[in-house]
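>>> just need the structure, nothing else, for what follows:
(4 chains, ligands or ions: 2)
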There are 2 protein chains.
Amino acid sequence: MMELTRKGEYAIRGILYLASQPLGKVSLISEIAEAAEVPQTFLAKIFQSFAKMGIVNSYRGTGGGFTLARHPGKITLREVVEAVEGPIIPNRCLIEGGGCDRRGNLPCCVHEVWKDVQAGVVRVLDGVTIEQLAQKG
Amino acid sequence: MMELTRKGEYAIRGILYLASQPLGKVSLISEIAEAAEVPQTFLAKIFQSFAKMGIVNSYRGTGGGFTLARHPGKITLREVVEAVEGPIIPNRCLIEGGGCDRRGNLPCCVHEVWKDVQAGVVRVLDGVTIEQLAQKG
DNA sequence: GTATAAAAGACAAAAACGGTCCTGAAGGTA
DNA sequence: TACCTTCAGGACCGTTTTTGTCTTTTATAC
Ligand code: SF4
Ligand code: SF4
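Ligands and ions are numbered 1, 2, ... in the order given. Have a look, this model is predicted:
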(Lines give C-alpha, C1' and ligand atoms only; values in the text may rest on other atoms or scores of the structure.)
(Ligands and ions follow the chains in the order given, each with its own letter.)
Protein backbone atom coordinates (compact mmCIF):
# COMPACT_ATOMS: atom_id res chain seq x y z
CA MET A 1 0.00 0.00 0.00
CA MET A 2 0.92 3.62 -0.57
CA GLU A 3 3.75 2.79 -2.92
CA LEU A 4 5.39 5.38 -5.09
CA THR A 5 5.45 4.31 -8.72
CA ARG A 6 8.54 4.23 -10.90
CA LYS A 7 7.31 7.39 -12.49
CA GLY A 8 7.39 9.17 -9.16
CA GLU A 9 10.81 7.83 -8.30
CA TYR A 10 12.17 8.82 -11.72
CA ALA A 11 10.61 12.25 -11.42
CA ILE A 12 12.48 12.91 -8.20
CA ARG A 13 15.76 11.64 -9.58
CA GLY A 14 15.38 13.80 -12.65
CA ILE A 15 14.50 17.02 -10.89
CA LEU A 16 17.27 16.40 -8.36
CA TYR A 17 19.78 16.29 -11.15
CA LEU A 18 18.54 19.64 -12.39
CA ALA A 19 18.80 21.03 -8.88
CA SER A 20 22.39 19.84 -8.63
CA GLN A 21 23.39 21.77 -11.73
CA PRO A 22 24.42 25.44 -11.73
CA LEU A 23 21.37 27.69 -11.55
CA GLY A 24 20.02 28.55 -14.97
CA LYS A 25 22.03 25.93 -16.79
CA VAL A 26 20.03 24.29 -19.58
CA SER A 27 20.16 20.49 -19.49
CA LEU A 28 19.20 18.08 -22.24
CA ILE A 29 16.72 15.35 -21.44
CA SER A 30 19.31 12.84 -22.66
CA GLU A 31 21.81 14.20 -20.17
CA ILE A 32 19.33 14.12 -17.30
CA ALA A 33 18.19 10.62 -18.17
CA GLU A 34 21.71 9.29 -18.20
CA ALA A 35 22.64 10.92 -14.91
CA ALA A 36 19.43 9.84 -13.21
CA GLU A 37 19.55 6.35 -14.70
CA VAL A 38 16.06 6.58 -16.12
CA PRO A 39 14.77 5.51 -19.57
CA GLN A 40 15.04 8.63 -21.66
CA THR A 41 11.69 8.52 -23.43
CA PHE A 42 9.91 7.89 -20.17
CA LEU A 43 11.68 10.77 -18.50
CA ALA A 44 10.71 13.00 -21.40
CA LYS A 45 7.06 12.40 -20.55
CA ILE A 46 7.73 13.16 -16.92
CA PHE A 47 9.36 16.46 -17.78
CA GLN A 48 6.41 17.36 -19.96
CA SER A 49 4.30 17.11 -16.82
CA PHE A 50 6.79 19.24 -14.94
CA ALA A 51 6.62 21.90 -17.63
CA LYS A 52 2.82 21.92 -17.53
CA MET A 53 2.87 22.33 -13.76
CA GLY A 54 5.35 25.18 -14.01
CA ILE A 55 8.13 23.37 -12.21
CA VAL A 56 10.54 23.52 -15.12
CA ASN A 57 10.96 25.63 -18.24
CA SER A 58 11.52 23.89 -21.54
CA TYR A 59 13.26 25.24 -24.61
CA ARG A 60 13.15 23.66 -28.01
CA GLY A 61 15.65 23.65 -30.80
CA THR A 62 19.41 23.94 -30.76
CA GLY A 63 20.69 24.81 -27.32
CA GLY A 64 17.34 23.83 -25.88
CA GLY A 65 16.57 21.63 -22.91
CA PHE A 66 15.22 22.17 -19.42
CA THR A 67 15.87 24.47 -16.50
CA LEU A 68 14.13 24.77 -13.17
CA ALA A 69 11.35 27.33 -13.39
CA ARG A 70 11.97 28.44 -9.78
CA HIS A 71 14.72 28.47 -7.24
CA PRO A 72 15.10 24.89 -5.95
CA GLY A 73 14.39 26.14 -2.44
CA LYS A 74 10.89 27.00 -3.63
CA ILE A 75 10.10 23.61 -5.12
CA THR A 76 8.84 21.05 -2.63
CA LEU A 77 8.96 17.31 -2.96
CA ARG A 78 5.20 17.27 -2.82
CA GLU A 79 4.93 19.35 -5.98
CA VAL A 80 7.30 17.05 -7.81
CA VAL A 81 5.42 13.93 -6.78
CA GLU A 82 1.99 15.37 -7.41
CA ALA A 83 3.04 16.67 -10.82
CA VAL A 84 3.41 13.13 -12.07
CA GLU A 85 1.22 11.07 -9.76
CA GLY A 86 -1.64 13.43 -9.13
CA PRO A 87 -2.85 14.58 -5.74
CA ILE A 88 -2.19 12.53 -2.62
CA ILE A 89 -5.47 10.76 -1.97
CA PRO A 90 -5.44 7.88 0.53
CA ASN A 91 -9.09 7.01 -0.17
CA ARG A 92 -11.60 7.93 -2.82
CA CYS A 93 -13.87 9.76 -0.42
CA LEU A 94 -11.17 12.46 -0.30
CA ILE A 95 -11.41 13.20 -4.00
CA GLU A 96 -12.68 16.72 -4.54
CA GLY A 97 -16.39 16.54 -5.24
CA GLY A 98 -16.24 12.76 -5.30
CA GLY A 99 -17.62 11.64 -2.00
CA CYS A 100 -18.53 8.15 -0.96
CA ASP A 101 -20.94 5.84 -2.71
CA ARG A 102 -22.43 4.57 0.55
CA ARG A 103 -24.94 6.16 2.92
CA GLY A 104 -26.07 8.78 0.45
CA ASN A 105 -22.62 10.31 0.02
CA LEU A 106 -22.29 10.98 3.72
CA PRO A 107 -18.73 10.33 4.87
CA CYS A 108 -18.38 7.63 7.49
CA CYS A 109 -16.27 7.58 10.66
CA VAL A 110 -13.19 6.31 8.85
CA HIS A 111 -13.20 9.30 6.56
CA GLU A 112 -11.54 11.48 9.20
CA VAL A 113 -8.72 9.00 9.57
CA TRP A 114 -7.91 9.25 5.89
CA LYS A 115 -7.92 12.99 6.15
CA ASP A 116 -5.35 12.69 8.92
CA VAL A 117 -3.22 10.36 6.82
CA GLN A 118 -3.40 12.73 3.88
CA ALA A 119 -2.51 15.72 6.01
CA GLY A 120 0.43 13.87 7.52
CA VAL A 121 1.90 12.84 4.21
CA VAL A 122 1.39 16.27 2.70
CA ARG A 123 3.07 17.91 5.68
CA VAL A 124 6.15 15.72 5.35
CA LEU A 125 6.47 16.14 1.60
CA ASP A 126 5.79 19.87 1.71
CA GLY A 127 8.48 20.22 4.35
CA VAL A 128 11.24 19.13 2.02
CA THR A 129 12.54 21.17 -0.88
CA ILE A 130 14.61 19.81 -3.70
CA GLU A 131 17.30 22.27 -2.70
CA GLN A 132 17.63 20.56 0.67
CA LEU A 133 17.79 17.17 -0.98
CA ALA A 134 20.29 18.23 -3.61
CA GLN A 135 22.57 19.75 -0.98
CA LYS A 136 22.64 16.58 1.06
CA GLY A 137 23.75 14.75 -2.07
CA MET B 1 -0.79 8.27 -5.26
CA MET B 2 -1.16 6.35 -2.00
CA GLU B 3 -4.67 5.18 -2.77
CA LEU B 4 -6.34 2.48 -0.77
CA THR B 5 -7.61 -0.30 -3.00
CA ARG B 6 -11.15 -1.65 -2.95
CA LYS B 7 -9.83 -4.60 -1.05
CA GLY B 8 -8.65 -2.36 1.75
CA GLU B 9 -11.87 -0.40 1.82
CA TYR B 10 -13.93 -3.59 1.87
CA ALA B 11 -11.75 -5.06 4.59
CA ILE B 12 -12.47 -2.13 6.86
CA ARG B 13 -16.19 -2.24 6.18
CA GLY B 14 -16.31 -5.94 6.90
CA ILE B 15 -14.38 -5.87 10.14
CA LEU B 16 -16.38 -2.86 11.29
CA TYR B 17 -19.57 -4.84 10.91
CA LEU B 18 -18.12 -7.59 13.07
CA ALA B 19 -17.11 -5.01 15.65
CA SER B 20 -20.64 -3.64 15.70
CA GLN B 21 -22.09 -7.02 16.59
CA PRO B 22 -22.36 -8.37 20.14
CA LEU B 23 -19.01 -9.70 21.33
CA GLY B 24 -18.53 -13.35 20.46
CA LYS B 25 -21.42 -13.52 18.07
CA VAL B 26 -20.66 -15.68 15.05
CA SER B 27 -21.45 -13.95 11.75
CA LEU B 28 -21.78 -15.56 8.34
CA ILE B 29 -19.75 -14.16 5.49
CA SER B 30 -22.99 -13.72 3.55
CA GLU B 31 -24.39 -11.63 6.36
CA ILE B 32 -21.26 -9.48 6.61
CA ALA B 33 -21.10 -9.01 2.86
CA GLU B 34 -24.67 -7.83 2.67
CA ALA B 35 -24.31 -5.43 5.59
CA ALA B 36 -21.01 -4.04 4.33
CA GLU B 37 -22.20 -3.87 0.71
CA VAL B 38 -19.28 -5.86 -0.59
CA PRO B 39 -19.23 -8.70 -3.15
CA GLN B 40 -19.47 -11.84 -1.06
CA THR B 41 -16.84 -13.99 -2.75
CA PHE B 42 -14.39 -11.13 -2.67
CA LEU B 43 -15.03 -10.51 1.01
CA ALA B 44 -14.51 -14.22 1.67
CA LYS B 45 -10.93 -13.86 0.41
CA ILE B 46 -10.42 -10.85 2.59
CA PHE B 47 -11.57 -12.70 5.67
CA GLN B 48 -9.23 -15.55 4.83
CA SER B 49 -6.42 -13.03 5.13
CA PHE B 50 -7.83 -11.82 8.43
CA ALA B 51 -7.92 -15.36 9.77
CA LYS B 52 -4.30 -15.96 8.74
CA MET B 53 -3.23 -12.78 10.47
CA GLY B 54 -5.10 -13.75 13.62
CA ILE B 55 -7.54 -10.88 13.48
CA VAL B 56 -10.60 -13.10 13.24
CA ASN B 57 -11.48 -16.68 14.11
CA SER B 58 -13.25 -18.78 11.53
CA TYR B 59 -15.50 -21.76 12.13
CA ARG B 60 -16.68 -24.18 9.49
CA GLY B 61 -19.83 -26.18 9.18
CA THR B 62 -23.30 -25.54 10.46
CA GLY B 63 -23.34 -22.66 12.87
CA GLY B 64 -19.95 -21.56 11.60
CA GLY B 65 -18.82 -18.13 10.50
CA PHE B 66 -16.47 -15.48 11.85
CA THR B 67 -15.82 -13.74 15.13
CA LEU B 68 -13.21 -11.20 16.12
CA ALA B 69 -10.18 -13.00 17.49
CA ARG B 70 -9.52 -10.17 19.96
CA HIS B 71 -11.36 -7.39 21.68
CA PRO B 72 -12.05 -4.68 19.08
CA GLY B 73 -10.16 -2.21 21.24
CA LYS B 74 -7.04 -4.27 20.57
CA ILE B 75 -7.36 -4.31 16.80
CA THR B 76 -5.95 -1.27 15.06
CA LEU B 77 -6.86 0.05 11.65
CA ARG B 78 -3.29 -0.51 10.61
CA GLU B 79 -3.54 -4.25 11.23
CA VAL B 80 -6.71 -4.45 9.20
CA VAL B 81 -5.25 -2.58 6.27
CA GLU B 82 -1.92 -4.38 6.34
CA ALA B 83 -3.62 -7.77 6.55
CA VAL B 84 -4.99 -7.31 3.06
CA GLU B 85 -2.67 -4.80 1.44
CA GLY B 86 0.65 -5.76 2.92
CA PRO B 87 2.95 -3.47 4.86
CA ILE B 88 2.84 0.29 4.36
CA ILE B 89 5.78 0.98 2.08
CA PRO B 90 5.93 4.41 0.43
CA ASN B 91 8.99 3.49 -1.62
CA ARG B 92 10.79 0.29 -2.49
CA CYS B 93 13.93 1.22 -0.65
CA LEU B 94 11.94 0.69 2.57
CA ILE B 95 11.25 -2.95 1.82
CA GLU B 96 12.92 -5.15 4.41
CA GLY B 97 16.20 -6.37 2.95
CA GLY B 98 15.32 -4.79 -0.38
CA GLY B 99 17.39 -1.65 -0.58
CA CYS B 100 17.89 0.54 -3.58
CA ASP B 101 19.26 -0.49 -6.94
CA ARG B 102 21.32 2.67 -7.31
CA ARG B 103 24.62 3.67 -5.77
CA GLY B 104 25.47 0.15 -4.66
CA ASN B 105 22.41 -0.24 -2.47
CA LEU B 106 23.27 2.85 -0.45
CA PRO B 107 20.12 4.77 0.38
CA CYS B 108 20.03 8.29 -0.98
CA CYS B 109 18.94 11.50 0.73
CA VAL B 110 15.29 11.02 -0.18
CA HIS B 111 15.21 7.71 1.65
CA GLU B 112 14.80 9.45 5.01
CA VAL B 113 11.80 11.36 3.74
CA TRP B 114 10.04 8.12 2.85
CA LYS B 115 10.81 6.79 6.29
CA ASP B 116 9.13 9.86 7.74
CA VAL B 117 6.10 9.37 5.53
CA GLN B 118 5.87 5.74 6.53
CA ALA B 119 6.19 6.54 10.21
CA GLY B 120 3.54 9.21 9.94
CA VAL B 121 1.01 6.97 8.26
CA VAL B 122 1.69 4.10 10.63
CA ARG B 123 1.26 6.38 13.61
CA VAL B 124 -2.14 7.57 12.44
CA LEU B 125 -3.43 4.12 11.55
CA ASP B 126 -2.07 2.53 14.71
CA GLY B 127 -3.78 5.22 16.73
CA VAL B 128 -7.24 4.12 15.70
CA THR B 129 -8.91 0.92 16.85
CA ILE B 130 -11.93 -0.63 15.22
CA GLU B 131 -13.72 -0.27 18.53
CA GLN B 132 -13.38 3.51 18.32
CA LEU B 133 -14.63 3.48 14.76
CA ALA B 134 -17.54 1.17 15.46
CA GLN B 135 -18.65 3.29 18.39
CA LYS B 136 -18.73 6.44 16.33
CA GLY B 137 -20.99 4.65 13.85
C1' DG C 1 16.61 25.39 -45.13
C1' DT C 2 18.38 22.40 -42.16
C1' DA C 3 19.75 20.48 -37.88
C1' DT C 4 18.25 20.24 -33.12
C1' DA C 5 15.33 19.33 -29.30
C1' DA C 6 11.02 19.12 -26.96
C1' DA C 7 5.65 18.15 -27.53
C1' DA C 8 2.14 15.13 -28.47
C1' DG C 9 -0.01 11.09 -29.29
C1' DA C 10 -0.38 6.20 -30.77
C1' DC C 11 0.92 1.79 -29.47
C1' DA C 12 2.02 -2.33 -26.53
C1' DA C 13 3.78 -5.72 -23.05
C1' DA C 14 3.35 -6.72 -18.34
C1' DA C 15 1.56 -6.25 -13.93
C1' DA C 16 -2.03 -5.18 -10.67
C1' DC C 17 -6.82 -4.82 -9.64
C1' DG C 18 -11.37 -6.57 -8.90
C1' DG C 19 -13.58 -9.87 -8.99
C1' DT C 20 -15.92 -15.07 -10.20
C1' DC C 21 -16.12 -20.02 -9.96
C1' DC C 22 -15.15 -24.66 -8.64
C1' DT C 23 -13.37 -28.17 -5.78
C1' DG C 24 -12.26 -29.68 -1.38
C1' DA C 25 -12.09 -29.95 3.59
C1' DA C 26 -14.03 -29.47 8.14
C1' DG C 27 -17.75 -29.66 11.07
C1' DG C 28 -22.72 -30.46 12.40
C1' DT C 29 -27.02 -33.30 12.16
C1' DA C 30 -30.36 -36.96 11.23
C1' DT D 1 -23.27 -43.09 7.39
C1' DA D 2 -25.10 -39.77 4.51
C1' DC D 3 -25.99 -35.22 3.97
C1' DC D 4 -25.91 -30.40 4.65
C1' DT D 5 -23.52 -26.26 5.92
C1' DT D 6 -19.72 -23.14 5.90
C1' DC D 7 -15.07 -21.72 5.14
C1' DA D 8 -10.30 -22.69 2.46
C1' DG D 9 -7.72 -22.69 -1.55
C1' DG D 10 -6.75 -22.21 -6.14
C1' DA D 11 -7.76 -21.48 -11.03
C1' DC D 12 -9.42 -18.29 -13.95
C1' DC D 13 -10.65 -13.83 -16.33
C1' DG D 14 -11.78 -9.11 -17.95
C1' DT D 15 -10.32 -4.36 -17.06
C1' DT D 16 -7.23 -0.88 -15.69
C1' DT D 17 -2.74 0.86 -14.60
C1' DT D 18 1.98 0.80 -15.09
C1' DT D 19 6.01 1.20 -17.75
C1' DG D 20 7.59 2.04 -21.23
C1' DT D 21 8.60 2.66 -26.98
C1' DC D 22 7.99 4.83 -31.45
C1' DT D 23 6.58 8.17 -34.75
C1' DT D 24 5.14 12.57 -36.11
C1' DT D 25 4.82 17.37 -35.33
C1' DT D 26 6.20 21.86 -33.71
C1' DA D 27 9.35 25.35 -32.24
C1' DT D 28 13.98 27.29 -32.43
C1' DA D 29 18.75 28.31 -33.67
C1' DC D 30 22.12 28.81 -37.10
S1 SF4 E 1 -17.15 4.15 3.65
FE2 SF4 E 1 -16.17 5.83 4.82
S3 SF4 E 1 -13.91 5.59 4.42
FE4 SF4 E 1 -15.01 4.31 2.91
S5 SF4 E 1 -15.14 5.68 1.08
FE6 SF4 E 1 -17.09 5.95 2.28
S7 SF4 E 1 -16.68 7.75 3.67
FE8 SF4 E 1 -14.66 7.03 2.87
S1 SF4 F 1 17.16 6.57 -5.11
FE2 SF4 F 1 16.85 7.07 -2.88
S3 SF4 F 1 14.59 7.27 -2.63
FE4 SF4 F 1 14.95 6.21 -4.62
S5 SF4 F 1 14.82 4.01 -4.09
FE6 SF4 F 1 17.04 4.61 -3.95
S7 SF4 F 1 17.37 5.17 -1.76
FE8 SF4 F 1 15.12 5.13 -2.11
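
>>> now stretch A:58-78: buried residues?
A:58, A:65-68, A:72, A:75-78 (16 or more other C-beta atoms under 10 Å in any protein chain shown). Every residue, glycine included, has its C-beta placed from N, CA and C.

>>> show me those that map onto strands.
The strands, defined by DSSP state E, take in A:58, A:65-68 from the buried residues of stretch A:58-78.

>>> with pLDDT as extra columns, can I get those residues in TSV?
Output for those, formatted as TSV (pLDDT from 0 to 100):
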residue	pLDDT
A:Ser58	98
A:Gly65	97
A:Phe66	98
A:Thr67	98
A:Leu68	98
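
>>> closest residue of chain A to ligand 2?
At 5.2 Å from ligand 2, A:Glu9 is the closest residue in chain A, using C-beta to the nearest ligand atom.

>>> got the residues of chain A near ligand 2?
Within chain A, the positions near ligand 2 by C-beta under 6 Å from any ligand atom are A:Glu9.

>>> enumerate the residues of chain A near chain B.
Applying C-beta under 8 Å from any C-beta of the partner chain, one finds that chain A approaches chain B through A:1-5, A:8-9, A:12, A:16, A:37, A:77, A:81-82, A:85-92, A:102, A:109-110, A:113-114, A:116-117, A:120-121, A:123-125, A:128, A:133, A:136-137.

>>> just the buried subset of the residues you listed, please.
Neighbour-count burial (16+ other C-beta under 10 Å) is assigned, among these, to A:1-4, A:8-9, A:12, A:16, A:77, A:81-82, A:85, A:88-91, A:110, A:113-114, A:116-117, A:120-121, A:124-125, A:128, A:133.

>>> of the residues of chain A next to chain B, which are in range of ligand 1?
Applying C-beta under 6 Å from any ligand atom to those, those adjacent to ligand 1 are A:91-92, A:102, A:110.

>>> want to try a markdown table for those residues, with pLDDT as columns?
Below are these laid out as a markdown table (pLDDT from 0 to 100):
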| residue | pLDDT |
| --- | --- |
| A:Asn91 | 94 |
| A:Arg92 | 90 |
| A:Arg102 | 78 |
| A:Val110 | 95 |
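
>>> from DNA strand D, how far out is A:Glu37?
Between A:Glu37 and DNA strand D the distance is 11 Å, computed by C-beta to the nearest atom of the strand, to the nearest Å.

>>> oh, I was asking about A:Met2
Using C-beta to the nearest atom of the strand, A:Met2 is found at 12 Å from DNA strand D.
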